[in-house]
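S.K.: Here's my sequence, what's the structure:
(2 chains)
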Protein chains: 2
Amino acid sequence: MAAYIPPIDDITFLLGEVFDFDALMVALPGCEEVNTGLAASILEEGGKFCAEVLEPLNRPGDEEGCRLEKGAVTTPKGFADAYRAFVAAGWAGLSGAPEFGGQGLPRVLQILLDEMLSSTNLSFGLFTGLTRGAVEAIAHHGSDQLKQKYLPRMISGEWTGAMALTESSAGTDLGLLTSRAEPLGDGSFALKGTKIFISSGDHDFGGNVIHLVLARLPNAPTGVKGISLFLSPKFLVNQNGSLGERNGMSVGSLEHKMGIHAQPTCVMNYDGAIGWLVGEPDRGLNAMFTMMNAERLFVGVQGLGIGEAANQKAVAYARERLQGRSTDGARGPVPIIEHPDVRKMLLTGRSFADAGRALGVWTAMQMDIAALHPDEGERNKAAGFVALLTPVVKAAFTDFGFETAVLSQQVFGGHGYIREWGMEQYVRDARITQIYEGTNGVQAMDLVGRKLPMEDGDLPRRFFAMMRAELFAAGGPAELDTAKAAVGEALARLAKLTEHLLAIGEDPSEGGSSASDYLCFFALVTFGWLWVRMAGKAAASAHATAELKQRKLILAQFFAARLLPRTLGLEAAIRSGASAIMALDADIL
Amino acid sequence: MAAYIPPIDDITFLLGEVFDFDALMVALPGCEEVNTGLAASILEEGGKFCAEVLEPLNRPGDEEGCRLEKGAVTTPKGFADAYRAFVAAGWAGLSGAPEFGGQGLPRVLQILLDEMLSSTNLSFGLFTGLTRGAVEAIAHHGSDQLKQKYLPRMISGEWTGAMALTESSAGTDLGLLTSRAEPLGDGSFALKGTKIFISSGDHDFGGNVIHLVLARLPNAPTGVKGISLFLSPKFLVNQNGSLGERNGMSVGSLEHKMGIHAQPTCVMNYDGAIGWLVGEPDRGLNAMFTMMNAERLFVGVQGLGIGEAANQKAVAYARERLQGRSTDGARGPVPIIEHPDVRKMLLTGRSFADAGRALGVWTAMQMDIAALHPDEGERNKAAGFVALLTPVVKAAFTDFGFETAVLSQQVFGGHGYIREWGMEQYVRDARITQIYEGTNGVQAMDLVGRKLPMEDGDLPRRFFAMMRAELFAAGGPAELDTAKAAVGEALARLAKLTEHLLAIGEDPSEGGSSASDYLCFFALVTFGWLWVRMAGKAAASAHATAELKQRKLILAQFFAARLLPRTLGLEAAIRSGASAIMALDADIL
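M.R.: Numbering: from 1, shown residues only, chains lettered A, B, ... in the order given. Predicted coordinates for the structure are as follows:
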């Protein structure tokens, strides 16, 4: 297998030429020193770590998996050392708050590092991604005492985080959860209950594992309005910061999964584990959502990262594998990259990955603006875009990432089905990203049911207007006109369809029936906008190589001609309405 | 997990009311005694075997896998006993030629049994499916001596078959294979070479394993025109039919695969294994294609079977799993089958499975006509349809089956990712069906490059005319009009697009770029035709229950409204032409 190549050139192009990252950084207090050159050199180092340390552990980690012996989790050979090296090099704290020892670098860098982690070792990347999610929730909702005690060592990565939400009867519907929290009178609580699917619930990296646990206080209201969030560490922490005795929690078992075998997904038993409230009583879901939004973007980027890696391997294989004759019949055997159907699979994956990275960067820039911009109007506008795009990034990146993994495996023919080649692992690992952190169906409902109606529908309108204005701004090479027109036409249809959905918003059957198709439509148009932008910027660039110009131009044309048309079918399906979906009695379905 | 329910009711409906199976049987010499009632009672027994014996072995077989110890393959616990019971009950010879001891039942029954085998245990079903493929090749191309010696015990299932085609550098492109066959002077040959991906290459069921091996004779022309086919048994067979000494072949290793773990996929070493020519020298590919066409239909049905089973489990789970509130917000938690997005996933899988079964039956009827009808014109017409539909059944059934497996897994949320639930195994097992027996890309090339141009394009035209005539025949309930019109419109677009592809047929880049999208378009229209047919026949039926009438009507509406529109995007993509796919230099892709 070809080694993973960190996409530093594409990152440099995106930051330096597509998005004017440097100008944004100058405008954000605390980021003035950051620029494309610095970002590229940091990410080059990060990419090296991913390629040299993490990727070699990916296949062996999948084969070996995690073990639970006498209550202790053992991760696959090499993982603990790699994690400690990752922390020692400072990667865990890249975007962490400086007041707690983080490096305070922008989200843009974080999301690009996350992509490379996901490309090379999804199981490993989860440890650090979940820790950042937990940090987010504590930073926004925790008391000063909790923050001081836990954040510095979580941000450094010395301690990791875990999210303990799901119970066997409470998955998407957290309102059904039954774990309890009993006040101990000293401000702490005793947590009791069993949680399942707890990623990074335990490990052998040393340090501590900080669980954020959803549970009910005595006499809490039923449903989602009676859930509170608690911080509960694996080891109680002494006043001087040293680790004290083991808290009352244990790993009941490790889940046997389709993939991410190197990730210890735990069934956790809380048997009177001591915990402290994070945020207000009964408002735990609120605090958890802070964490989950960050996690959703992270999971989207996981899908992106797997797609990127799988496509890289497939391209390399297709260049070397000789089968069949050239299309004119004159030469053979030829590299299979010459066969149109193989090219189509490769171009599909590539056009998803490049546009996904662009949208990831754009969204992360909005997050940086929302967090740091001096102007409140700018902050709010950006926060709106982040809210709108969070479900799109989560669901579309993971759906496209899975599709890319499957297509890339297909390029390998029979070899793709053989474990040693590593392609089937991408498919198995990618599959979880469509499921966890809210299934992609839930993301679609979030987009249609909650996000579109924000600002009375002006939020999506604002986003569409921005894309439209940019799409039809002057310039760009003539070869791009057809693609540009196709994206513009699809955008116009998307805008109209959005008004249609907003108008029938009162009927949740309509929204639910259309949501996943709509989300895909939305994502395809957004990718199309970014393809036109990338190809246009490449054509106009003084720095871009001729190869990059050709690559971006043809991929933009390919995307507009071959993938954007999917919106036609999605639109027709949505417009057919909910009746055919809702009509059949459940007992004869 | 809910137990698998053999689809006997749907089979009875299809045979008895949708396709007028009984009238066909009367017209086919040797099948006069066969009718819907007999078929249903045979398949009910077969379904019972699948549900009671094979399904319970499916998950354990996946976990245990096969082992190779001291050159001997051990299949998972229970498989050898199940196989012997399968043979003892006569299932292996269901459609085998009576002159060699088979029961001579029509293909229609075979394909329906194959579906149930595939629903309950894909790994197991492969043993018997491959044996039938080998029987086919020997029956059509083998000498009388070979037939007498091998067919009776292969048809009974006492001996199994294996296809030894692929080598590590010769997959799709068999012309590159290097295995050699040296004449031994007595009419036999010594085979030398290494083959990979050999399903059922060895096992512990007892009996013999009959390998059909592609190899080159001395001084054979290079490429596909220098390949011969040989029969080579694991144990040489004495004159009296008893098993003699071990032939010169051995299992080099077992492949480590993504799925079908209970199937011993072998690397086979032929070290002077004695073999006999099947068919003429250098014409082995020809003989192999006889086998491969039967296998391609079988593999299509594998995809269908997995989709059927996965959908059944997902429906059962969705009825019981309580999460979230009803769409009007009034009740909760409700069974998730009430949620529109979940319903959409379930209906998608169901509409693929029912229409797939219908097309499988229709195609098998054409095979029966082609093999047995007294009228040569009828035989040829039917053989044309089989040729046309073989790649469609193989690729579309497996693509839709995989999609159904993924959607069904998705319905289970996080539980779908956990091995114990069994849903992820469907996804892993289904994945191979898109790859082996010619990747789905190869099938699409076969459809566009070889099948469409048959009879100067009249073959597809004839098929479309048949669908059109039937679609617009009088009758059918008014509620079906919209669906009928939608299918008619898509069929008209398909016919025009086909003419477009026939016209540009000289440019293989165009065909190759469009092939997989075109095949999907073709399949969707064909499924739509069958949905209208099924719903119409159900509405007009005197026997069908009100439930069946409702089910078929609404599924037809669902298919036409929600899935058929995919053809819009496929068409636009195809019409955009090959340029965006072929333009990019391979080294910068």
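S.K.: could you say which helix or strand contains whichever residue of the stretch 401-550 of chain A sits closest to chain B?
M.R.: For the stretch 401-550 of chain A and chain B, the shortest gap (Cβ to the nearest Cβ) falls at residue A:512, measuring 3.2 Å. (C-beta placed from N, C-alpha, C; glycine too.) For residue A:512, the host element (DSSP states H and E) is helix A:508-540.
S.K.: Following the chain onward from that helix, which element is next?
M.R.: helix A:546-558.
S.K.: Which secondary structure elements does that following helix sit against?
M.R.: Packing partners of helix A:546-558 (3 or more Cβ pairs under 8 Å, 6 or more residues apart in numbering or on different chains; DSSP states H and E): helix A:340-372, helix A:481-503, helix A:508-540, helix B:579-582.
S.K.: Which one of these lies nearest to residue B:351?
M.R.: helix A:508-540 (14.8 Å; Cβ to Cβ).
S.K.: residues of the helix holding residue A:512 that come out buried?
M.R.: A:508-539 (16 or more other Cβ atoms under 10 Å in any protein chain shown).
S.K.: Model confidence for the closest residue to residue A:227 other than its chain neighbours, exactly?
M.R.: Residue nearest to residue A:227 in three dimensions, not counting chain neighbours: residue A:284, with 4.5 Å by Cβ to Cβ, 6 or more residues apart in numbering or on different chains. We have a pLDDT of 94 for residue A:284.
S.K.: residues in contact with residue A:284?
M.R.: Neighbouring residues of residue A:284 by Cβ atoms under 8 Å, 6 or more residues apart in numbering or on different chains: A:214, A:215, A:227, A:228, A:229, A:230, A:278.
S.K.: Considering the residues you listed, which possesses the most neighbours?
M.R.: residue A:229 (32 neighbours; other Cβ atoms under 10 Å in any protein chain shown).
S.K.: Please report phi then psi for that residue.
M.R.: Main-chain torsions, residue A:229, degrees, to the nearest 10: phi -110, psi 140.
S.K.: surely it meets residue A:276?
M.R.: No. In this structure, residue A:229 is not within contact of residue A:276 by Cβ atoms under 8 Å, at 9.8 Å.
S.K.: By residue count, tell me the biggest strand in chain A.
M.R.: strand A:266-277 (DSSP state E).
S.K.: need the contact list for the residue of the stretch 201-350 of chain A found nearest chain B.
M.R.: The nearest approach of the stretch 201-350 of chain A to chain B comes at residue A:340, 3.2 Å away (Cβ to the nearest Cβ). Residues near residue A:340 by Cβ under 8 Å, 6+ apart: A:327, B:508, B:509, B:511, B:512, B:513, B:515, B:578, B:581, B:582.
S.K.: so, if you compare those residues, which one comes nearest to residue B:203?
M.R.: residue B:515 (36.2 Å).
S.K.: Need the nearest residue in space to the closest one, chain neighbours excluded.
M.R.: Residue B:515's closest residue in space is residue B:444 (Cβ to Cβ, 6+ apart), at 3.6 Å.
S.K.: which helices and strands sit right next to the strand or helix carrying the one you found?
M.R.: Element membership for residue B:444, per DSSP H and E: helix B:440-445. Packing partners of helix B:440-445 (3+ Cβ pairs under 8 Å, 6+ apart): helix A:340-372, helix B:376-411, helix B:508-540.
S.K.: let's see 6 Å
M.R.: In terms of contacts (3 or more Cβ pairs under 6 Å, 6 or more residues apart in numbering or on different chains; DSSP states H and E), helix B:440-445 is packed against helix B:376-411, helix B:508-540.
S.K.: That'll do, ta.
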